[in-house]
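# I'd like to go over a predicted model; first the sequence, then the structure.
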Amino acid sequence: MKKAFYLPLLLTFMAIIMIVTGSILSLAYRNYEIVRHQTVSNSALNIAEAGANYYLWHLAHNNQDYCDGNTCPTPAPTQYGPYTHIYRDDSGNIIGSYSITITPPATTGGSVTVRSVGTATNGQTRTVLTSLGVPSFAQYAFISNSESWFGDTETTVGPVHSNAGIHYDGTAQGVVSSAVSTYVPSTCMGGDGHTTENGIWGSGGPQSYWNFPVPQVDFNQITADFNTLQTQAQSNGIFLPTLLDSHGHRTYDGYAIQLNANGTFTLGRVTAGQDNGSINNGCGAHSRHNSLMQSVAWEGTSRALPANGILFVADNAWVWGTVTSRLTIASGRLPDNSSTRTNIYLQNDINYTAMDGSVALGLMSQSDIVVNSNSEDNLTIDAFLLSQYGKIFRPYYSGNVKSNITIYGGIAANSWWTWSWVNGSNVVISGYRNTSQQYDTHLALSPPPSFPKTGSYAILSWKEEPIL
């Protein structure tokens with residue numbers, strides 16, 4: 001009886017063991033399959049990324065080839081490809097392939113879009129979509145070749161960079177970078193003139209956004225860009241020569257350029273005056289320009305905007321009006337000489353007709369970009385402002401106080417920038433009481449035509465398409 005009693009227990013125990021063992025084996029197998037599938041999926045993603053990197057290399061060697069070395073079809077389609085390449089591991093074994101489709105830039109100086117589909121040997125696919133291009137100065141909300149200071153009431157949206165160090169007390173909504181690991185901040189920038197600080201320091205944050213040291217951005221290379229812009233303006237744009245008479249003497253102080261809502265511009269020749277003298281107050285020492293338009297000799301009819309979006313002025317320029325397309329206005333006199341560098345003057349609104357990236361204005365000055373004393377009480381400037389050797393500012397005019405200035409675009413200044421001047425009680429005594437500066441994020445991938453570059457081809461954006 002006892003033997004018969006134990007037999008069912010033994011059989012039950014063995015059944016339990018078999019069930020548990022089977023469950024463990026099944027779970028192990030499922031885990032193995034999950035890991036194997038994930039490994040293959042990761043391999044497909046790596047292959048897709050290899051396709052994007054391959055075309056990054058290809059563009060670095062031939063930035064006008066969107067057909068992977070093949071003869072491009074005519075008429076030109078909106079995109080080229082797909083072009084398929086076998087992908088091998090380091091041992092030379094085939095582990096998959098990638099297929100790339102290339103979409104050329106929509107605008108001059110814009111980014112190239114590459115869609116790369118990576119396929120592993122088992123057929124598993126992953127797809128990445130990248131924007132490839134050469135980063136420009138317009139990738140920054142603010143960039144300076146000198147030390148900078150952002151106060152505790154300031155918020156920066158978009159990348160901020162200085163080649164010489166940043167005192168940052170504000171709130172960052174983007175990367176804040178410096179090209180130096182340490183520096184001695186001047187008293188003008190909140191330091192004591194002898195204490196060494198980190199490349200970025202201060203009470204602001206979040207400090208996880210701070211990045212230093214990083215490579216320096218070369219403002220001197222803009223000289224080559226000015227030469228390129230002048231050549232492009234002379235070939236397929238608009239070039240305005242220096243205003244000199246037959247004896248080489250100045251006849252006017254520069255050009256007035258009024259941008260019109262119908263896509264044209266009106267051109268005049270300016271006699272300037274007033275606002276002379278200089279301010280020598282240490283930190284903000286600066287000269288004041290003959291920046292007021294005393295008189296303008298207007299042309300009789302308006303002109304069409306340049307076909308390639310480049311207007312080069314070999315003289316000073318006063319710019320305002322309505323921007324309807326993508327345009328770069330450069331003011332410079334070549335060959336470069338410190339005694340003949342030109343300026344851009346602003347006093348009236350510059351307004352975009354759209355803020356979706358289809359409209360953009362780059363204002364490039366060899367020297368300063370100046371908002372003069374006769375500027376509007378509520379001034380709007382929709383543009384990316386770049387000064388190669390000077391400042392971007394409103395000079396100090398005693399008692400000349402305005403209400404609001406709004407900037408939509410970005411700022412790149414060799415030296416400092418400011419729109420207002422305050423006394424010891426932090427009360428505005430010259431310039432604008434209220435300032436609003438918003439970064440045009442579209443410029444990161446699609447800068448104004450032929451805008452100065454800051455490096456070589458890079459991946460500007462990356463995302464994976466959903467797995468269906």
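Alright, I've got the coordinates.

# any low-confidence regions in the stretch 1-150 of the chain?
Counting by pLDDT under 70, the ranges of the stretch 1-150 of the chain that qualify are 1-13, 15, 19-40, 107-109.

# hmm, who's touching stretch 321-328?
Contact partners of stretch 321-328, identified using Cβ atoms under 8 Å, 6 or more residues apart in numbering, comprise 107-108, 229, 257-263, 265, 305-306, 309-311, 348-353, 358-362, 364, 382-383, 446, 448-451. Yep, even glycine has a C-beta here, placed from its N, CA and C like the rest.

# tell me which residues of stretch 87-106 are tucked away?
The neighbour-count check on stretch 87-106 (16 or more other Cβ atoms under 10 Å) flags 87, 95, 96, 97, 98, 99, 100, 101, 102, 103, 104, 105 as buried.

# among the residues you listed, name the ones in strands.
Under the assignment DSSP state E, the buried residues of stretch 87-106 contribute 87, 95, 96, 97, 98, 99, 100, 101, 102, 103 to strands.

# where does pLDDT dip in the stretch 201-350 of the chain?
Along the stretch 201-350 of the chain, segments meeting pLDDT under 70 span 276-278.

# where do the strands of it begin and end?
Secondary structure of the stretch 201-350 of the chain (DSSP state E, counting those that start in this stretch): strands at 210-211, 238-240, 254-259, 264-273, 278-279, 286-287, 292-298, 303-304, 310-313, 317-323, 326-331, 344-346, 350-352.

# and for the stretch 51-200 of the chain?
Ranges of strands in the stretch 51-200 of the chain, per DSSP E, counting those that start in this stretch, are 80-88, 94-103, 112-120, 125-133, 142-144, 148-150, 155-157, 160-162, 166-168, 171-173, 176-178, 182-183, 197-198, 200-201.

# need those in JSON lines (columns: distance to residue 456).
Converted to JSON lines, these look like this (distance: least, Cβ to Cβ, whole Å):
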{"stretch": "strand 80-88", "distance to residue 456": "22"}
{"stretch": "strand 94-103", "distance to residue 456": "18"}
{"stretch": "strand 112-120", "distance to residue 456": "14"}
{"stretch": "strand 125-133", "distance to residue 456": "10"}
{"stretch": "strand 142-144", "distance to residue 456": "18"}
{"stretch": "strand 148-150", "distance to residue 456": "26"}
{"stretch": "strand 155-157", "distance to residue 456": "26"}
{"stretch": "strand 160-162", "distance to residue 456": "17"}
{"stretch": "strand 166-168", "distance to residue 456": "25"}
{"stretch": "strand 171-173", "distance to residue 456": "27"}
{"stretch": "strand 176-178", "distance to residue 456": "18"}
{"stretch": "strand 182-183", "distance to residue 456": "27"}
{"stretch": "strand 197-198", "distance to residue 456": "28"}
{"stretch": "strand 200-201", "distance to residue 456": "25"}
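
# before we move on, back to that, what's the closest of the strands of the stretch 201-350 of the chain to residue 417?
strand 286-287 (11.4 Å; Cβ to Cβ).

# partners of the closest one, with directions?
Sheet pairing for strand 286-287, assigned by DSSP bridges, gives strand 278-279 (antiparallel).

# of all the strands of the stretch 201-350 of the chain, which lies closest to residue 247?
strand 264-273 (17.2 Å).

# and for that closest one, what are the contacting residues?
With contact meaning Cβ under 8 Å, 6+ apart, strand 264-273 is reached by 240, 243, 251-260, 289-299, 302-305, 311, 316, 318, 321, 345.

# can you check stretch 275-284 too?
If you take Cβ under 8 Å, 6+ apart as the criterion, stretch 275-284 is touched by 186-188, 285-292, 372-373, 395-397, 416, 418, 421.

# chain center to it: distance?
31 Å (Cα atoms, centre = their mean, to the nearest Å).

# which one of the strands of the stretch 201-350 of the chain lies closest to residue 387?
strand 344-346 (8.4 Å).

# which parts of stretch 402-416 are buried?
402, 405, 406, 407, 408, 409, 410, 411, 412, 413, 414, 416.

# may I ask which two of these are separated the most?
Farthest pair in the buried residues of stretch 402-416 (Cβ to Cβ) is 402 and 414. Separation: 25.2 Å.

# related to what we said a few turns ago, as a markdown table, the strands of the stretch 201-350 of the chain with distance to residue 115 and mean neighbour count would be great.
Listed next are these as a markdown table, based on distance: least, Cβ to Cβ, whole Å; neighbours: other Cβ atoms under 10 Å:
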| stretch | distance to residue 115 | mean neighbour count |
| --- | --- | --- |
| strand 210-211 | 30 | 18 |
| strand 238-240 | 37 | 19 |
| strand 254-259 | 36 | 23 |
| strand 264-273 | 38 | 18 |
| strand 278-279 | 55 | 13 |
| strand 286-287 | 50 | 16 |
| strand 292-298 | 50 | 15 |
| strand 303-304 | 36 | 12 |
| strand 310-313 | 30 | 27 |
| strand 317-323 | 32 | 22 |
| strand 326-331 | 24 | 28 |
| strand 344-346 | 40 | 28 |
| strand 350-352 | 30 | 20 |
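
# residue 399 and residue 429 touch, don't they?
Yes: between residue 399 and residue 429 there is a contact under Cβ atoms under 8 Å: 7.2 Å.

# among the two, which residue is more densely surrounded?
Ranked by neighbour count (other Cβ atoms under 10 Å), residue 399 and residue 429 place residue 429 first, with 15 against 6.

# confirm that the more buried one sits in a helix.
No: counting by DSSP: H, G, I helix; E, B strand; the rest coil, residue 429 is not found in a helix; it is strand.

# ok, now how distant is the residue nearest the centre of the chain from residue 333?
Centroid-nearest residue in the chain: residue 139, 1.2 Å away (criterion: Cα atoms, centre = their mean). Residue 139 is 27 Å from residue 333, where distance means Cβ to Cβ, to the nearest Å.

# same question, residue 376
Taking Cβ to Cβ, one finds residue 376 at 29 Å from residue 333.

# please apply the same query to residue 269.
16 Å.

# swap in residue 102?
Plainly put, residue 102 is 39 Å away from residue 333 if you go by Cβ to Cβ.

# okay, now residue 251: neighbour count?
By the criterion of other Cβ under 10 Å, residue 251 has 13 neighbours.

# wait, it sits on residue 297?
No: the pair residue 251 and residue 297 does not pass the contact test of Cβ under 8 Å, sitting 9.8 Å apart.

# CA atoms only: put stretch 119-131 into CSV for me.
The C-alpha coordinates for stretch 119-131 follow below in CSV (Å, rounded to 0.1, in the frame of the first residue of the first chain):
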residue,chain,number,x,y,z
THR,A,119,19.1,46.0,-44.4
ALA,A,120,20.6,43.2,-42.4
THR,A,121,21.2,39.7,-43.9
ASN,A,122,18.0,38.3,-42.5
GLY,A,123,16.0,41.2,-44.1
GLN,A,124,15.5,43.3,-41.0
THR,A,125,15.5,47.0,-41.9
ARG,A,126,16.0,50.3,-40.1
THR,A,127,15.8,53.8,-41.6
VAL,A,128,17.5,57.0,-40.7
LEU,A,129,16.9,60.5,-42.1
THR,A,130,19.7,63.0,-41.9
SER,A,131,20.4,66.6,-42.9
